[in-house]
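> My questions are about this predicted structure, shown below with the sequence.
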Amino acid sequence: MDLPSVVRDVAIVVAAYFIGGIPWGVVVARLAGGPDPRTLGSGRTGGANVLRAVGPRLALTAGLLDMLKGVVVVLLARLLGAGPWVEVAAAAVAIVGHTFSPYLGFKGGRGVSVGWGSLLVLAPVIAFAIVPIYLVILLVTGYSSLGSLVGSLVAGLSLAATTLANGGPTAYVAYAVVGTALIWLFHLDNIRRLLAGTERKLDLRRSERPPPP
């Protein structure tokens, strides 16, 4: 590999971290005049807390923007001809950036939306297939975290299996393992609360935005 290619690849991965770190949940809540999502629920910046802060419509907006971060970093690597390994490295680093945002003192969300966005480019069929799994679990149990954990596990196993069966890039198998591991790692506190029966359920019908004085 020549020096220009190395510089390109490193630049893509570094850019992925800063793109992944853009805290759209906080930005959307702030623009809407709602409370900072970090002051509610789990204290994170992800979709569940944005929903609590400003309601479903704006939470969907923030979620789509977070998802686009995953799309953008993979497409950036692909358009620059960096290859599958850089694509998946950018995707994984964007998840890390979302969770340890440089704009929020290295705090953030769980990386689920970003991971789904990257999967939408790498394996769109799998990305769409896991959406109903997440929604069914959320609607039946009320636990967004459980839906994310199961959905990410199914996605990882499916990506690894289909890649191996079809002779796809080995990098995708690596991402199936690493991406899933990151999502589960960043949900460790949720897992503990789920096991203890203390995980907070998500009310899809209302926000927790305080009433005006």
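That came through, no problem.
> Find the nearest non-adjacent residue to Arg38, please.
Thr45 (6.1 Å; C-beta to C-beta, 6 or more residues apart in numbering). To be clear about C-beta, it is placed using only N, CA and C from the backbone, and glycine gets the same treatment.
> List the contacts of that neighbour.
Residues near Thr45 by C-beta atoms under 8 Å, 6 or more residues apart in numbering: 23, 25-26, 37-38, 101, 104, 107-109.
> Which PyMOL command selects the buried ones in those residues?
In PyMOL syntax, the buried subset of the contacts of Thr45 is picked out as below (16 or more other C-beta atoms under 10 Å):
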select buried, resi 23+25+26+37+38+101+104+108+109
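> Including distance to Leu182, could the contacts of Thr45 go into JSON lines?
Shown next, in JSON lines, are these (distance: C-beta to C-beta, whole Å):
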{"residue": "Pro23", "distance to Leu182": "18"}
{"residue": "Gly25", "distance to Leu182": "18"}
{"residue": "Val26", "distance to Leu182": "21"}
{"residue": "Pro37", "distance to Leu182": "21"}
{"residue": "Arg38", "distance to Leu182": "20"}
{"residue": "Ser101", "distance to Leu182": "15"}
{"residue": "Leu104", "distance to Leu182": "18"}
{"residue": "Lys107", "distance to Leu182": "16"}
{"residue": "Gly108", "distance to Leu182": "13"}
{"residue": "Gly109", "distance to Leu182": "12"}
